[in-house]
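give the three-dimensional model of this entry:
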Amino acid sequence: MHNQQPEQGFTESNHMGHEQNHASHSLLEAQAAIGSIITTIEQSILYEHHIQDQQLMQIAQKHRTYLQGLYNTLVDTYRSGQDPAVPTQTYTMGESTNAIYGTQPGAPKSPATSPQEINDECVSGFLLDGLKMLSTGFTTAALEATNPVMRRIFADSVPNIIEMAYEMFLYENKQHYYQLPQLQKADEETLLNSFAPMQGNTTH
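Numbers count the residues shown, from 1 in each chain. Predicted coordinates for the structure are as follows:
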């Protein structure tokens with residue numbers, strides 16, 4: 001989005017009517033982002049039929065409930081350009097934040113060839129990928145939004161979606177679906193010590 005002075009014949013945003021509070025590119029980005037939350041909700045409904053583990057079901061349903069409320073908040077502002085009746089809610093993760101590092105050997109993986117092979121590992125991966133794509137789409141929509149309320153809602157929603165993605169990652173990690181290999185200690189120390197702080201006044 002380029003910063004340009006209003007040209008003759010253009011209308012400045014503070015003079016726009018109620019129905020003119022989005023630029024065209026902003027409206028299209030918001031439409032795409034809202035469409036992606038619809039897809040995420042619908043895919044969650046579809047995937048839940050394959051879930052066997054009760055913990056995964058609880059996480060998936062908690063995420064879907066949150067996303068449904070967020071969807072209504074987004075649609076409210078998308079249509080009005082004003083503050084929504086229900087503001088963005090903070091998502092609170094229920095899972096422990098302690099990840100398990102290291103890898104365990106297992107059988108090589110290959111794609112499923114029938115719906116019967118879709119298991120909890122598949123579903124948790126699908127849901128995690130959906131949340132990652134959603135956070136990326138919301139970031140883009142926030143950066144392109146010209147309506148300040150719409151921009152703030154997209155921006156405020158990104159940390160909550162990241163929190164949900166982290167919760168799903170932790171579930172996968174504890175089930176050994178998402179393993180975390182580590183570097184040799186010496187290599188890790190080399191990387192961790194590869195930056196030095198700047199000197200002088202760096203207050204931010």
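
helix or strand: which one has the nearest residue to Gln89 once chain neighbours are set aside?
Excluding its sequence neighbours, the residue lying closest to Gln89 (C-beta to C-beta, 6 or more residues apart in numbering) is Gly69, at 6.3 Å. Where you see a C-beta, it was placed from the backbone N, CA and C, and this is true even at glycine. Following DSSP states H and E, one finds Gly69 within helix 54-80.

and that helix, what does it pack onto?
helix 24-48, helix 120-144, helix 148-174 (3 or more C-beta pairs under 8 Å, 6 or more residues apart in numbering; DSSP states H and E).

how about JSON lines for those, with distance to Thr65, mean pLDDT and mean neighbour count added?
Below are the helices and strands packed on helix 54-80 laid out as JSON lines (distance: least, C-beta to C-beta, whole Å; pLDDT from 0 to 100; neighbours: other C-beta atoms under 10 Å):
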{"stretch": "helix 24-48", "distance to Thr65": "10", "mean pLDDT": "91", "mean neighbour count": "16"}
{"stretch": "helix 120-144", "distance to Thr65": "14", "mean pLDDT": "96", "mean neighbour count": "19"}
{"stretch": "helix 148-174", "distance to Thr65": "11", "mean pLDDT": "96", "mean neighbour count": "20"}
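
for the helix holding Gly69, buried residues please.
By 16 or more other C-beta atoms under 10 Å, the buried positions in helix 54-80 come out as 56, 59-60, 62-64, 66-67, 70, 73-74, 76-78, 80.

what sits against the most centrally placed residue in the chain?
Residue closest to the mean C-alpha point of the chain, counted by C-alpha atoms, centre = their mean, is Ser135 at 2.7 Å. Contacts of Ser135 were listed using C-beta atoms under 8 Å, 6 or more residues apart in numbering, and they are 158, 161-162, 165.

and the nearest residue to it once chain neighbours are set aside, how close does it get to Thr77?
Counting by C-beta to C-beta, 6+ apart, Ser135 lies nearest to Ile161, which is 4.4 Å off, once chain neighbours are set aside. Going from Ile161 to Thr77 by C-beta to C-beta, to the nearest Å gives 17 Å.
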